[in-house]
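Q: Sequence first, then the predicted structure, then my questions.
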Amino acid sequence: MLVIRNGRVIDPASGLDAVSDVYLAAGRVAAVGANLDTPSGAAVFDATGMIVAPGFIDMHVHLREPGFEHAESIETGARAAAAGGFTSVCCMPNTSPVNDSATVTSYIIERAKQKSVVNVYPIGAITKGSKGEELAGIGAMVKAGAVAISDDGRPVMNSRVMRRAMELAKSHDIPVIDHCEDLNLSAGGDMHEGETSVRRGLRGIPAAAEDVMVARDILLAEATGARFHVAHISTHHAVAMVAFARKRGLKVSCEATPHHFVLADSDTAPYDSNFKMKPPLRGKQDVAAVLEGLADGTVEVIATDHAPHAGSDKMQEFERCPFGITGLETALGITLEELVHPGRITLRKMIELYTTGPARVMGLDRGTLAPGSPADVTIFDTAAAWTYDVNKTQSKSKNSPFHGHTYKGGPVATVVAGRIVWQR
Amino acid sequence: MATAQDGLRAGLLGIEDLSRAEIEWILRRAKEFQRQQTPGRKLDTLRGRMVVLLFFESSTRTRTSFEIAAKRLGADAVSISVAASSVSKGESLVDTLNTLAAMRPDAIVMRHAASGAPHFLARHLPIPIINAGDGTHEHPTQALLDAMTILDHRPSLEGLKVAIIGDIAHSRVARSNVHLLAKFGAEVVLCGPPTLLPEELGRLAPGVKLTYRMDEAIRDADVIMMLRVQLERQFETTFPAGEYFGFYGLRQEHVELAKPDVIVMHPGPINRGRELSSEVADSQQSVILNQVENGVFVRMAVLERVLP
């Protein structure tokens, strides 16, 4: 039993925004209200001056287990999530073996039960080995607990396979998440194609590599009636197409990562692999469009695409370094700094992007503090300055471009199933 | 303000970040070497210094040129080529360089197929690094020797029209030349097929123009710089097979559109019949061999400046 006292409780799902107490018991939210009694035996957390929100959900992370435990494990990735204020994560299937069967899905769920301090929801692969050819055991994975399908990082190029996957996903009532990248257009590219790539003599990944796939998938979503979610949206055309699809009433959604709304290609340190990810950091116009999409509701979710890589993999020539950066621990600080403090979105809207947004897209019974809901709570402040030190990360990997950045406000305590699993 | 001397102490990674003063210093010093040259006679400015020439990519002329430059200044030059080193055994770039650093060379001259590889090493090593060509990014000493060669034929770079023709997208020579020439007020016209001439190149530096037409590029030019077609750097087909020379190969009829005293340059090695005709390569206007000769003087000046 835990009573979180005197915080400003913001629960967008129930419309609550007031200084209140939150009483958690038996893994559920028992009551929310002013001046609740403290039941005997209950612990008290004083949240005076802080924000108390439903537990944050990161619907796009890479936990690297099984297979790449030198870079991250379910245990360490979950600790990094908790340190970033997240109480639930959805993990992508590009492990080794790929999560393309009920066996791997069950393994991840079992490992998470033993090792993870946060809730872990596996995302199954669309195709066997994420090779883009033969459909994976989608139904069996869903039965085992997979909440979505995606071939993240190795997108399905064959439109016919994608169509079939969408039809099946619809029957299982799960979303199809696509890392939208035309692999022929992007082949060999290391950063966004533009003035900066030309100046640095690096091969570019054109914005069109994302755009053509977003367009294809939206058309297939309309044809099949499936729920389709664009992972880490990064271009202005993609944002416009998602807005168009939603206007047509399609079940299309998208997420943005903090790095895509805070950094442009020209902001990157030359040949520094901590700025190398897919999709790449785009042009200023694209960053502006993603910010606009977050403000106007086109972008419903902020997800980190936390992609840990071991130091040795990042210590080589830029073009040989793997794609991806970590992001769980910096997401909230960046979001406050870039979206809330400048007034682009309200605090309530930010909480939606981390709670009701992903819960709706993934169909998770979370993201609210309504009595009876899971007792997952994110407590954060919006004023105290702190500096991100990647050497103190909970993750096994240190590939972050945000080392040394100072933020105003960030996570204070993370509560999962009524228990404080991380505290500043 | 940093002096020309300070700027080069950390090495020479590219032309883009060099100041005019730094470039002028090198060109002046190279000219002195050119004037006082007595074949075979060595100087002893860098006696007892060790320069490691680390070539991850095959290159005969640049490596030899650096080696001669180092030896003429009295330095010891140790050449390490990829095939003979541990690089081919899977050793990472960092490990290779740590090993080399432990041998305490005074400078490393490096060529690598990856853009930014010398910048990456410069962040991790306290030894000055001279970029002898990194991927499709920069080749600073080539631009310096090209400038020196132009200045052998013209009093200044300002106001000159320089046409650079060929596979611009994959050319580190073009990038370094664009930066250098723009700093001195030359008008640079880049010319090639659209697949090898991304429009962003026009924003590389002030005074840069792009055209897909040879005649436009060459008309009234003071300098024609032909680039090698970098087949090995192309990731894909960028031009219909067999059509290149017809559209972008330099022939005598093009040269006649330029100023009468135009000079024709090429970083070498030349592909006769692919980017320029034999007739042009062997013509009066061709200064290709002067470029090679000036390469040594420019590299002597750079080594002398980089080595404290």
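A: Everything's here; your move.
Q: Quick check: phi and psi on residue A:386?
A: phi -150, psi 160 (degrees, to the nearest 10).
Q: For burial, what's the neighbour tally of the closest residue to residue A:115 other than its chain neighbours?
A: Distances taken as C-beta to C-beta, 6 or more residues apart in numbering or on different chains put residue A:75 closest to residue A:115, at 3.9 Å, once the chain neighbours are dropped. The C-beta positions use only the backbone N, C-alpha and C, and glycine is treated the same way. For residue A:75, the number of neighbouring residues by other C-beta atoms under 10 Å in any protein chain shown comes to 19.
Q: Quick check: residue A:75 touching residue A:120?
A: No: shown here, residue A:75 and residue A:120 do not form a contact pair, counting by C-beta atoms under 8 Å, at 10.4 Å.
Q: For residue A:97, give me its contacts.
A: A:66-67, A:104, A:129 (C-beta atoms under 8 Å, 6 or more residues apart in numbering or on different chains).
Q: swap the cut-off to 10 Å and go again
A: A:66-67, A:103-104, A:107, A:125, A:129 (C-beta atoms under 10 Å, 6 or more residues apart in numbering or on different chains).
Q: Look up the residues forming beta bridges with residue 53.
A: Going with chain A. Residue A:53 forms beta bridges with residue A:378, as assigned by DSSP bridges.
Q: right idea, wrong chain: chain B
A: Going by DSSP bridges, residue B:53 forms beta bridges with residue B:79, residue B:109.
Q: how many other residues sit next to it?
A: Neighbour number of residue B:53 under other C-beta under 10 Å is 24.
Q: pretty sure it is touching residue B:71, no?
A: No: when contacts are counted by C-beta atoms under 10 Å, residue B:53 is not listed as touching residue B:71 (11.0 Å).
Q: What separation do you get for residue A:312 and chain B?
A: From residue A:312 across to chain B, the span is 7 Å (C-beta to the nearest C-beta, to the nearest Å).
Q: ok, that residue - how many residues close by?
A: Residue A:312 has 12 nearby residues by other C-beta under 10 Å.
Q: do residue B:178 as well
A: 26.
Q: Residue A:28 too?
A: If we define neighbours as other C-beta under 10 Å, then residue A:28 has 14 of them.
Q: Same question for residue A:41.
A: Count around residue A:41 with other C-beta under 10 Å applied: 7.
Q: tell me the contacts of the closest residue to residue B:184 other than its chain neighbours?
A: Spatial nearest neighbour of residue B:184, chain neighbours left out: residue B:157 (3.9 Å); criterion: C-beta to C-beta, 6+ apart. Taking C-beta under 10 Å, 6+ apart as the contact definition, residue B:157 lies against B:23, B:27, B:147, B:150-151, B:180-186, B:222-223.
Q: Spit out the contact partners of residue B:206.
A: B:182-183, B:185, B:188.
Q: Show me how chain A divides into domains.
A: A:2-51+A:374-423, A:55-362 (automatic domain parsing).
Q: Looking at those domains, spot the one closest to residue B:175.
A: Counting by C-beta to C-beta, residue B:175 lies closest to domain A:55-362 out of the domains of chain A; the figure is 6.3 Å.
Q: which secondary structure element contains residue B:247?
A: helix B:244-248 (DSSP states H and E).
Q: Spatially central residue for the chain, please.
A: You didn't say which chain, so I picked chain A. The centre of chain A sits closest to residue A:303, judged by C-alpha atoms, centre = their mean, with a distance of 2.3 Å.
Q: My guess is that one contacts residue A:253. True?
A: No: judged on C-beta under 10 Å, residue A:303 makes no contact with residue A:253 at a distance of 11.1 Å.
Q: shared neighbours, those two?
A: Common neighbours of residue A:303 and residue A:253 (C-beta under 10 Å, 6+ apart) are A:177, A:229, A:357-358, A:361.
Q: Kindly indicate which of the residues you listed lies nearest residue A:61.
A: Distances from residue A:61 to the shared contacts of residue A:303 and residue A:253, taken by C-beta to C-beta, are shortest for residue A:358, at 11.4 Å.
Q: Can you classify that closest one by secondary structure?
A: Three-state assignment for residue A:358 (DSSP: H, G, I helix; E, B strand; the rest coil): helix.
Q: what sits against it?
A: A:56-60, A:88-90, A:229, A:253, A:255, A:300-303, A:352, A:364, A:366-367.
Q: Now with 6 Å, please.
A: Residues near residue A:358 by C-beta atoms under 6 Å, 6 or more residues apart in numbering or on different chains: A:57, A:59, A:301.
Q: and the last one, what are its bridge partners?
A: Right, residue A:301. residue A:255.
Q: Which phi and psi values does the spatially closest residue to residue B:177 that is not a sequence neighbour adopt?
A: Using C-beta to C-beta, 6+ apart and skipping the chain neighbours, the partner closest in space to residue B:177 is residue B:143 (4.7 Å). Main-chain dihedrals, residue B:143, degrees, to the nearest 10: phi -70, psi -40.
Q: Same check on residue B:257?
A: Here is the backbone geometry of residue B:257 (degrees, to the nearest 10): phi -80, psi -20.
Q: Can you give me every residue that contacts it?
A: The neighbours of residue B:257, taking C-beta under 6 Å, 6+ apart as the test, are B:215, B:218-219.
Q: Over to residue A:22?
A: A:4, A:32, A:52.
Q: What residues does the stretch 151-300 of chain A have near chain B?
A: A:188, A:195, A:198, A:201-202, A:271 (C-beta under 6 Å from any C-beta of the partner chain).
Q: Could you dump these into TSV and include secondary structure, pLDDT and neighbour count?
A: Below are these laid out as TSV (DSSP: H, G, I helix; E, B strand; the rest coil; pLDDT from 0 to 100; neighbours: other C-beta atoms under 10 Å in any protein chain shown):
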residue	secondary structure	pLDDT	neighbour count
A:188	coil	92	11
A:195	helix	97	18
A:198	helix	97	22
A:201	coil	97	23
A:202	coil	97	27
A:271	coil	94	28
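Q: ok, the closest residue to residue B:288 other than its chain neighbours to residue B:286 distance?
A: Spatial nearest neighbour of residue B:288, chain neighbours left out: residue B:266 (5.1 Å); criterion: C-beta to C-beta, 6+ apart. Relative to residue B:286, residue B:266 is positioned 8 Å away (C-beta to C-beta, to the nearest Å).
Q: out of these two, which sits in the busier spot?
A: Between residue B:266 and residue B:286, residue B:266 has the larger neighbour count (other C-beta under 10 Å), namely 24 against 21.
Q: Do you know the pLDDT at the more buried one?
A: According to the prediction, residue B:266 has pLDDT 95.
Q: The one 3 residues further on now?
A: Here the pLDDT value assigned to residue B:269 is 85.
Q: Give me the distance between it and chain A.
A: Relative to chain A, and taking C-beta to the nearest C-beta, residue B:269 is found at 21 Å.
Q: so that residue sits in a strand?
A: No: counting by three-state DSSP, residue B:269 is not part of a strand but coil.
Q: Ramachandran angles for it?
A: The phi/psi pair for residue B:269 (degrees, to the nearest 10) is phi -70, psi 140.
Q: Drop the exposed ones from the contacts of residue B:157 and show what's left.
A: Those of the contacts of residue B:157 that meet the buried threshold are B:23, B:27, B:147, B:150-151, B:180-184, B:186, B:222-223, by 16 or more other C-beta atoms under 10 Å in any protein chain shown.
Q: Inside strands: which ones of the residues you listed?
A: residue B:223 (DSSP state E).
Q: Okay, buried residues for the host helix or strand of residue B:32 please.
A: Element membership for residue B:32 (DSSP H and E) is helix B:20-36. Neighbour-count burial for helix B:20-36, counted by 16+ other C-beta under 10 Å, picks out B:22-23, B:25-27, B:29-31, B:33-34.
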